[in-house]
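A.B. asks: coords please:
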Amino acid sequence: MSRIGRLPIDIPAGVTVSVTGSDVSVKGPKGELNLTVARPLEVKVEDNQVIVTRPDDERESRSLHGLTRTLINNNIIGVTQGYTKGLEVVGTGYRVAQRGGSIEFALGFSHPVLVDPPAGITFAVEGNNRVTVSGIDKQAVGEAAANIRKIRKPEPYKGKGVRYAGEVVRRKAGKAGK
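C.D. replies: Coordinates of the predicted model:
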């Protein structure tokens, strides 16, 4: 049996989990998230705990068991604490500024790059080279941060670009001198 999937998920105070058919709805102080559970798996709420069970040991059931339990756990963490992802802008002349809810990057292009936040995501700018992406959906926060990083990935020679906070960029040696 799945080691992750068989673990029960404790429901913290202030969070309600409701299961209707294959839909799991999690409501908490920060908002509400929904998840549709894959076909063979079953989700039950018992004694202030969420339990994910599978009917058989088929390959598909086994592979979805731990995943489903983790997705439900991520939703519970999201509606109670939320998720954040930090980004750093590194490079001479590279900077970021807040423009209302959006952020504007100067990344060495001939024009500034304006990024609007997706639904449920907020951007915060600290100084002129740090951005924090936050929200309640872990997948949406990670995707928004990846899309910002994709604008100008860190290059391997000088390390310039947008990187995750704490990311280590592998540097290459430049041309050898004479």
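
A.B. asks: counting by contacts, list what the single longest helix found in the chain packs against.
C.D. replies: Scanning the chain for the helix with the most residues, using DSSP state H, yields helix 59-80. Counting contacts by 3 or more Cβ pairs under 8 Å, 6 or more residues apart in numbering; DSSP states H and E, helix 59-80 packs against strand 9-10, strand 23-28, strand 31-36, strand 49-53, helix 138-151. C-beta here means a position set from N, CA and C on the backbone, and glycine is covered the same way.

A.B. asks: how about these in a markdown table, adding distance to residue 106?
C.D. replies: Formatted as a markdown table, these follow (distance: least, Cβ to Cβ, whole Å):
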| stretch | distance to residue 106 |
| --- | --- |
| strand 9-10 | 44 |
| strand 23-28 | 38 |
| strand 31-36 | 33 |
| strand 49-53 | 46 |
| helix 138-151 | 11 |
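
A.B. asks: in stretch 66-78, what's buried?
C.D. replies: For stretch 66-78, the neighbour count (16 or more other Cβ atoms under 10 Å) marks 66, 68-78 as buried.

A.B. asks: residue 30 against residue 122, yeah?
C.D. replies: No - here residue 30 does not reach residue 122: they are 11.4 Å apart, not a contact under Cβ atoms under 8 Å.

A.B. asks: parallel or antiparallel, which strands does the longest strand along the chain pair with?
C.D. replies: If you go by DSSP state E, the chain has its longest strand at strand 83-90. According to DSSP bridges, strand 83-90 has the following sheet partners: strand 130-135 (antiparallel), strand 161-164 (antiparallel).

A.B. asks: could you export the last one as PDB, CA atoms only?
C.D. replies: Taking Å, rounded to 0.1, in the frame of the first residue of the first chain, the C-alpha atoms of strand 161-164 are listed here in PDB:
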ATOM      1  CA  GLY A 161      18.300  37.200 -15.300                       C
ATOM      2  CA  VAL A 162      15.400  36.200 -13.100                       C
ATOM      3  CA  ARG A 163      16.000  33.400 -10.700                       C
ATOM      4  CA  TYR A 164      14.200  31.700  -7.800                       C
END
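
A.B. asks: list the buried residues of that strand.
C.D. replies: Those would be 161-163, for strand 161-164 by 16+ other Cβ under 10 Å.

A.B. asks: let's have those residues in a markdown table, adding pLDDT and distance to residue 109.
C.D. replies: Shown next, in a markdown table, are the buried residues of strand 161-164 (pLDDT from 0 to 100; distance: Cβ to Cβ, whole Å):
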| residue | pLDDT | distance to residue 109 |
| --- | --- | --- |
| 161 | 96 | 12 |
| 162 | 97 | 12 |
| 163 | 97 | 17 |
